[in-house]
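> For reference, the sequence and a predicted model appear below.
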Amino acid sequence: MSRRFFAYRSFEPEYDTMRRMRALGIDTFTFMVSNATNFMGMPYTRYQPTWIWERTYDFALFDQNVRELLAAVPDAKLICKIDVNPPAWWLRRGKCNAARADSFRELGRVMSLPEWREDVAHYLQALLRHAEKNFGETIVAYHLGGGFTTEWFDRSEGQESHSRSAAFQQHVRDCGLPVPETVPDRIVRYTGSHELTGVERLYPVLGSAENDRLAGRFPSGLFRTPAENRHALEFWRFNSQELAETLKVLLRQAREVIKPETTLALCYGYVFELWGGCQASYGQLEYEQIFAMQEVDLAVEPFSYGAQRGMGGSPTCMIPMQTLKVRGKHILNTIDATTFTSRFPAAPTGLPVSICGRKVEWTTPEAVAAGLKREIAFTLVNQGSTWLFDQWGGWWDSDAAMDTIKRAKDIWDEEVRFTPQDAFEVLLVVDPFNMYYLNDARPDVVKFVNPARLALAGAGVSYTTASFNDLRRMDLSAYKLVILCHPFDLDDGRLELLQNSVMGNERSIMWFYGPGVIHQGKWDEAHVAAVCGTAFQTPGISSVKMPWGYSIYVSAPDSITAEDMRNIARQAEVHIWCDKKCPVYANSRLAAIHLGKSEQTTLIFPRKCRKITELYTGQSYTDTDRVEICTQGPDTLLFRYE
């Protein structure tokens with residue numbers, strides 16, 4: 001595993017804040033290099049552009065950025081985030097202007113274009129050579145970004161371009177399929193053949209305006225099958241594979257230039273806490289290929305979007321944790337919840353600009369302290385990295401933030417020296433292969449993942465996340481409950497993989513909606529009972545004793561509650577860490593609990609402990625397996641237990 005970071009980041013040159021952070025013990029700082037504009041249409045940083053013409057670069061602003069940062073923090077270690085989206089003038093150049101597109105908004109329409117790949121790679125290598133020559137001893141990591149919000153999102157919704165059509169034609173030719181004239185049209189791309197039947201539809205007929213808009217626009221078919229939707233399935237697989245191949249080229253080009261010991265990272269592979277239109281359409285479902293690359297050390301991602309950032313919530317990693325771990329990688333979790341001191345970006349008119357509709361998420365000093373401790377506890381327990389993202393400044397200006405960061409950094413420095421064993425007993429499994437079968441234009445597509453994740457967050461159990469193929473690599477002996485979010489197609493050895501890996505040791509398996517319902521390329525509802533022991537569409541939660549353990553069938557995944565999950569966990573003999581529904585994170589050394597309001601609860605350890613110490617207060621308990629907790633407002637407590 002590569003080095004673990006506790007860092008600071010901002011879009012702005014917040015040098016006074018950086019000095020304060022350095023005084024708290026933080027010595028790693030991130031700066032950004034960009035030639036493009038952000039979602040507001042404003043330059044990402046004050047130090048651009050560096051890409052000034054066709055394969056012509058002026059790195060004076062890059063040098064100024066680094067030198068001003070080092071003037072503020074002379075002993076800083078630096079993480080350099082590079083946005084490879086070309087500048088606006090690049091779109092107007094070239095032999096055929098129509099071939100070029102804005103990779104920030106329409107990555108999929110340009111990523112197959114050879115001149116885009118070649119020009120981006122040329123700029124990237126030139127910048128890296130300059131950085132390594134002039135600041136190579138100071139820069140400890142590079143973080144490559146591109147696409148929408150520099151998180152490699154393809155927001156083009158599969159729209160045609162010359163290069164995309166040519167690349168897709170070559171792809172189907174290589175697969176031995178009939179070659180189409182162009183990519184499938186929009187209706188084909190966003191249509192499925194089978195609807196949810198026998199249970200209430202997973203999205204309301206009347207709900208949010210966005211749900212209503214999408215439901216009216218794409219009214220038919222949540223599920224695709226190879227027999228009926230081959231063209232759509234082939235296109236969306238091609239789309240993700242093409243993005244993966246593009247990233248492979250750029251990552252290898254970067255690794256050719258930088259030192260072997262320098263960390264290389266990217267944002268990519270989000271599958272948790274998303275919304276409609278973000279799975280196959282965003283082109284990120286081939287993430288296993290990227291994290292298998294020896295060139296990549298680290299995955300960067302924000303904690304969960306939406307309400308889970310608030311008090312009482314339980315953010316999680318957007319990327320499956322075990323997908324990284326079994327490949328020798330780890331996560332860098334961005335702490336960027338908005339606080340009551342945040343300075344929001346302003347338009348040229350002086351009016352504030354909405355950050356994707358977000359309001360202040362940590363509204364009081366107590367919430368800021370509890371939120372920081374929660375996010376850092378999660379990262380410590382999962383042995384990842386983190387940075388404090390100050391975005392447009394002011395995020396951490398309160399005394400509560402600075403005091404908490406100082407204590408958290410002291411705890412981090414002590415605990416990062418250890419490598420505790422995992423204590424996970426529940427495994428939540430997503431399957432990118434089967435996610436292609438879902439028409440992700442539908443807002444209900446995420447209900448196969450998010451409700452179970454949120455129910456687990458409130459169940460008081462220690463759980464982790466994985467991709468289906470990780471089951472081949474993992475030691476599953478400690479897991480008592482395995483939850484399969486996308487078990488639709490179990491042909492071609494996938495059912496045998498389950499039989500050889502998770503079916504046994506009296507383990508419980510939870511299946512959602514239709515395990516094996518896509519069988520031999522066709523929709524086969526009768527096959528479900530043969531897989532899980534319960535007939536398709538059986539309402540509610542059905543638990544059947546099988547020779548290998550308990551088979552738990554859930555026809556409507558969005559019906560699962562935290563209380564349901566606690567009951568299922570008890571049946572599976574999973575240890576439940578607390579007597580109330582609240583988030584808990586634990587490994588063999590550390591255990592944390594988060595409470596969103598004034599509350600009393602009991603934290604219950606798996607065995608009697610010689611000593612238990614709360615690391616922020618120093619309060620200790622001896623010869624016990626439980627700690628009584630009473631909070632005055634929101635709080636997160638982090639315990640080391642022996």
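Cool, got the structure.

> Only C-alpha atoms from now on, for both contacts and neighbour counts.
Fine.

> was I right about F605 contacting Y585?
No. Using Cα atoms under 8 Å, F605 is not in contact with Y585, being 11.8 Å away.

> Between those two, point out the one with more neighbours.
Under the criterion of other Cα atoms under 10 Å, the comparison of F605 against Y585 puts Y585 first, with 27 against 19.

> Quick one: list the elements packing against the helix or strand that contains that one.
Under the criterion of DSSP states H and E, Y585 resides in strand 584-586. Applying 3 or more Cα pairs under 8 Å, 6 or more residues apart in numbering; DSSP states H and E, one finds that strand 584-586 makes contact with helix 365-381, strand 590-595.

> Can you work out which other helices and strands pack against the shortest one?
Okay, so that is strand 590-595. Using 3+ Cα pairs under 8 Å, 6+ apart: strand 590-595 touches helix 365-381, strand 584-586, strand 635-641.

> pull the longest strand from this protein.
When the chain is parsed with DSSP state E, its longest strand is strand 599-614.

> Can you list the helices and strands that that strand packs against?
strand 620-631, strand 635-641.

> Pick the most deeply packed of those strands.
Counting by mean count of other Cα atoms under 10 Å, strand 635-641 has the highest mean neighbour count of these, with a mean of 22.

> Give the residue spans of the stretch 51-200 of the chain that score low on pLDDT.
Within the stretch 51-200 of the chain, the segments meeting pLDDT under 70 span 96-97, 197-200.

> Start from the N-terminal end of it and give the helices.
Ranges of helices in the stretch 51-200 of the chain, per DSSP state H, counting those that start in this stretch, are 60-72, 88-92, 103-110, 114-135, 162-174, 186-189.

> Now do the buried residues in the first one.
The reference is to helix 60-72. Within helix 60-72, the residues that qualify as buried by neighbour count (16 or more other Cα atoms under 10 Å) are 62-63, 65-66, 69-70, 72.

> host element of T334?
For T334, the host element (DSSP H and E) is strand 330-335.

> what do you get for D564?
D564 belongs to helix 562-571 when assigned by DSSP H and E.

> Which secondary structure elements does that helix sit against?
helix 450-457.

> tell me the angle of the helix it packs on relative to helix 562-571?
For helix 450-457 against helix 562-571, the angle by axes from the mean of the first three to the mean of the last three Cα atoms, to 10 degrees is 60 degrees.

> next SSE after helix 450-457?
Later in the chain than helix 450-457, the nearest helix or strand by DSSP H and E is strand 463-467.

> Name every strand pairing with the very next helix or strand once past that following strand and say which way it goes.
Downstream of strand 463-467, the first helix or strand assigned by DSSP H and E is strand 481-484. Strand pairing for strand 481-484, using DSSP bridges, gives strand 426-430 (parallel), strand 507-512 (parallel).

> quick one: buried residues of the first one?
Burial within strand 426-430, assessed by neighbour count using 16+ other Cα under 10 Å, is assigned to 426-430.

> nearest to L177, of these?
Ranked by distance to L177 (Cα to Cα), those are led by V430 at 28.7 Å.

> Leaving out sequence neighbours, find the closest residue to the closest one.
S467 (5.0 Å; Cα to Cα, 6 or more residues apart in numbering).

> residues near that neighbour, how many?
For S467, the count of nearby residues is 24 (other Cα under 10 Å).

> got the buried residues for the longest strand of the chain?
Neighbour-count burial for strand 599-614, counted by 16+ other Cα under 10 Å, picks out 601, 603-605, 612-614.

> Same list (these) but as JSON lines, adding pLDDT and distance to L128.
Listed next are these as JSON lines, based on pLDDT from 0 to 100; distance: Cα to Cα, whole Å:
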{"residue": "T601", "pLDDT": "96", "distance to L128": "52"}
{"residue": "L603", "pLDDT": "97", "distance to L128": "49"}
{"residue": "I604", "pLDDT": "97", "distance to L128": "50"}
{"residue": "F605", "pLDDT": "98", "distance to L128": "49"}
{"residue": "I612", "pLDDT": "98", "distance to L128": "47"}
{"residue": "T613", "pLDDT": "98", "distance to L128": "45"}
{"residue": "E614", "pLDDT": "98", "distance to L128": "44"}
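
> any chance of the residues you listed in a markdown table, with distance to R453 too?
Shown next, in a markdown table, are the buried residues of strand 599-614 (distance: Cα to Cα, whole Å):
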| residue | distance to R453 |
| --- | --- |
| T601 | 22 |
| L603 | 21 |
| I604 | 22 |
| F605 | 22 |
| I612 | 29 |
| T613 | 29 |
| E614 | 27 |
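
> ok, those vs G633, which is closest?
T601 (13.3 Å).

> Which pLDDT value belongs to the residue nearest to the closest one when sequence neighbours are not counted?
What sits nearest to T601 in space, not counting adjacent residues and going by Cα to Cα, 6+ apart, is I629, at 5.3 Å. Note for I629: predicted pLDDT of 97.

> Then Y621?
So, for Y621, pLDDT stands at 97.

> I'd guessed it sits against L615; true?
No. With contacts defined as Cα under 8 Å, Y621 does not count as touching L615, sitting 11.9 Å away.

> now, among the buried residues of strand 599-614, which is nearest to M18?
Using Cα to Cα, E614 comes nearest to M18 of the buried residues of strand 599-614, at 28.8 Å.

> Distance of the residue nearest to V430 relative to D390?
32 Å (Cα to Cα, to the nearest Å).

> what about this protein, any weak spots by pLDDT?
For the chain, the stretches flagged by pLDDT under 70 are 1, 96-97, 197-219.

> Which helix runs longest in it?
Ranked by number of residues, the top helix in the chain under DSSP state H is helix 230-257.

> that older thread, just name the most buried of the helices of the stretch 51-200 of the chain.
Using mean count of other Cα under 10 Å, helix 103-110 ranks as the most buried of these, with a mean of 24.

> what's in contact with that one?
Outside helix 103-110, the residues that touch it by Cα atoms under 8 Å, 6 or more residues apart in numbering are 85-86, 99-102, 111, 116, 146-150, 152-156, 158-161, 163-164, 239, 243, 283.

> Please state the offset of it from the chain centre?
With Cα atoms, centre = their mean, to the nearest Å as the basis, helix 103-110 stands 21 Å off its chain's centre.

> can you check stretch 520-527 too?
Relative to its parent chain, stretch 520-527 has a centroid offset of 32 Å by Cα atoms, centre = their mean.

> ok, and for that stretch, which residues are buried?
For stretch 520-527, a neighbour-count test (16+ other Cα under 10 Å) marks 523, 525, 527 as buried.

> Of those residues, which is the nearest to G276?
Top of the list for closeness to G276, among the buried residues of stretch 520-527 and by Cα to Cα, is W523 at 22.9 Å.

> thinking that closest one is in contact with G514, fair?
No. Using Cα under 8 Å, W523 makes no contact with G514, being 10.0 Å away.

> What is the end-to-end distance of stretch 39-49?
From its first residue to its last, stretch 39-49 covers 17 Å (Cα to Cα).

> Next: stretch 413-427.
Start and end residues of stretch 413-427 are separated by 29 Å (Cα to Cα).

> Mind listing residues that contact that stretch?
Residues outside stretch 413-427 that contact it (Cα under 8 Å, 6+ apart) are 4, 380, 383, 461-466, 478-483, 574-575, 586-589.

> now do stretch 245-258
For stretch 245-258, contacts defined as Cα under 8 Å, 6+ apart pick out 111-112, 117, 121, 124-125, 128-129, 132, 264, 290, 295-296.

> of all those, which two lie farthest apart?
Greatest spatial distance among those (Cα to Cα): S112 and E132, at 28.9 Å.

> and D27, what is it in contact with?
Listed by Cα under 8 Å, 6+ apart, the contact set of D27 reads 7, 21, 75-77.

> In TSV, list the helices and strands packed on strand 584-586 along with mean neighbour count and distance to A457.
Formatted as TSV, those follow (neighbours: other Cα atoms under 10 Å; distance: least, Cα to Cα, whole Å):
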stretch	mean neighbour count	distance to A457
helix 365-381	24	12
strand 590-595	26	10
